[in-house]
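Visitor: Compute the structure for the input listed below.
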Amino acid sequence: MNAFWKLSKRIFVLFFRDKASIFFSVLSSALVLLVFMIFLSKNAENSSAANLLPEFGYLFQQWLMAGILYTTTFSAALNAMGQYPDDRHLKISSDLMVTPVRRSVVVSSYVFGSTMTAFCMTAIILGLTYVNILVRFGKFPRPLDILLVLLAILVSSVFHTVFAFFLATFTKTARGYNSLGLVFHSISGFLAAIYLPLGDLSAGVQNTFAFSPFVHAASLLRKAYMFSSLGTLEDGSLQAVVRGFRIFMGIDLAFGDLVFKVWQSLLFLTAISAILFLLSVRRISRSRDRL
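Guide: The predicted structure follows:
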């Protein structure tokens, strides 16, 4: 267990020593915010929901901030897991193979260390989003809201780290991993439907996205970030409007008449993460030079 913690800490420390990794993780969040501000803000102001829901600007800003947290989690997980192909390229993994530490411990340390890295990086961005909300609207989240968002970030970090680990097993060099990671990071916003509301897509695409783990991860972040503000509205006469707004904006995911609950999304993400992890371990175990 001591070896596991030391190896996990190594992944965490190396990431935060690398100023480029931190910079590009923050830059990706800034670019998403810029895209949101340029392309989405005006459409939101002209939407029918803006005339029906009180404080729509505040709700929409929360929706945007949740999307930024999602992209940060994805990019930080990809960058942190980049240590795995780097170690193989530098033959550090070969040194680990001759130590008495079990291979399962080494593999788990990469996943755990990268998960904690993605979680901490996203938690920092979370603080910045709350500052933005405070400056623009003069509101600060309740302690329960912060706790729920942190839990959602943790779940999202686990999934995206395991996904990044799965990608890493398909590449033999750090350059190959970075190229593959760049492709997935570029389309992550579309995979999670954060660049536009789900309601703007066709019914067939919405039903398909309802079974995307990326969309479920983004949905959990939105639910947590907007928990109190939407909960207040649901207690009033706007219950039907709020329900439609939640589905249209991808806060709640629906497949036909079925609306996924939080525990169902958690179970789905847990199952997908476990499958990806087992597939990754299998790929590594089939070839000794993969570690």
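Visitor: which residues are in contact with stretch 211-225?
Guide: For stretch 211-225, contacts defined as Cβ atoms under 8 Å, 6 or more residues apart in numbering pick out 62-63, 65-67, 69-70, 73, 145, 148-149, 151-153, 155-156, 159-160, 163, 188, 191-194, 198, 209, 249-253, 255, 260, 262, 265-266, 268-269, 272. Placement of C-beta: from N, CA and C, glycine included.
Visitor: What subset of those is buried?
Guide: In those, burial by neighbour count holds for 62-63, 65-67, 69-70, 73, 145, 148-149, 152-153, 155-156, 159-160, 163, 188, 191-194, 198, 209, 249-253, 260, 265, 268-269, 272, counting by 16 or more other Cβ atoms under 10 Å.
Visitor: Among the residues you listed, which are located in helices?
Guide: Counted as lying in helices by DSSP state H, out of those, are 62-63, 65-67, 69-70, 73, 145, 148-149, 152-153, 155-156, 159-160, 163, 188, 191, 209, 265, 268-269, 272.
Visitor: So which residues of this structure form strands?
Guide: For the chain, the strands defined by DSSP state E cover 254-255, 258-259.
Visitor: nearest to K139, of those strands?
Guide: Closest to K139 of the strands of the chain is strand 258-259 (Cβ to Cβ; 27.6 Å).
Visitor: What lies in contact with that closest one?
Guide: Strand 258-259 is contacted by residues I247, D252, L253 when judged by Cβ under 8 Å, 6+ apart.
Visitor: Using a markdown table, lay out these together with distance to G204 and pLDDT.
Guide: Formatted as a markdown table, the contacts of strand 258-259 follow (distance: Cβ to Cβ, whole Å; pLDDT from 0 to 100):
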| residue | distance to G204 | pLDDT |
| --- | --- | --- |
| I247 | 16 | 88 |
| D252 | 18 | 91 |
| L253 | 15 | 91 |
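Visitor: Nearest to Y177, out of the residues you listed: which one, please.
Guide: The closest of these to Y177 turns out to be L253 (Cβ to Cβ; 30.4 Å).
Visitor: In this model S265 seems to touch the closest one, though I could be wrong.
Guide: Yes. Counting by Cβ atoms under 8 Å, L253 touches S265, with 7.3 Å between them.
Visitor: Out of the contacts of strand 258-259, flag the one nearest to V26.
Guide: Nearest to V26 among the contacts of strand 258-259: L253, at 28.6 Å, using Cβ to Cβ.
Visitor: Tell me where the model's unsure across the chain.
Guide: Across the chain, residues meeting the criterion (pLDDT under 70) sit at 1, 21, 25, 28, 33, 36-52, 91-101, 234-237, 287-291.
Visitor: please redo it, this time with the cut-off set to 50
Guide: By pLDDT under 50, the weakly predicted segments of the chain are 289-290.
Visitor: I'd like the distance from the helix ranked longest in it to the chain centre, please.
Guide: Counting residues, the longest helix found in the chain (DSSP H) is helix 103-137. On the basis of Cα atoms, centre = their mean, to the nearest Å, helix 103-137 sits 9 Å off its chain's mean C-alpha point.
Visitor: Please give the number of neighbouring residues around Q239.
Guide: For Q239, the neighbour count with other Cβ atoms under 10 Å is 11.
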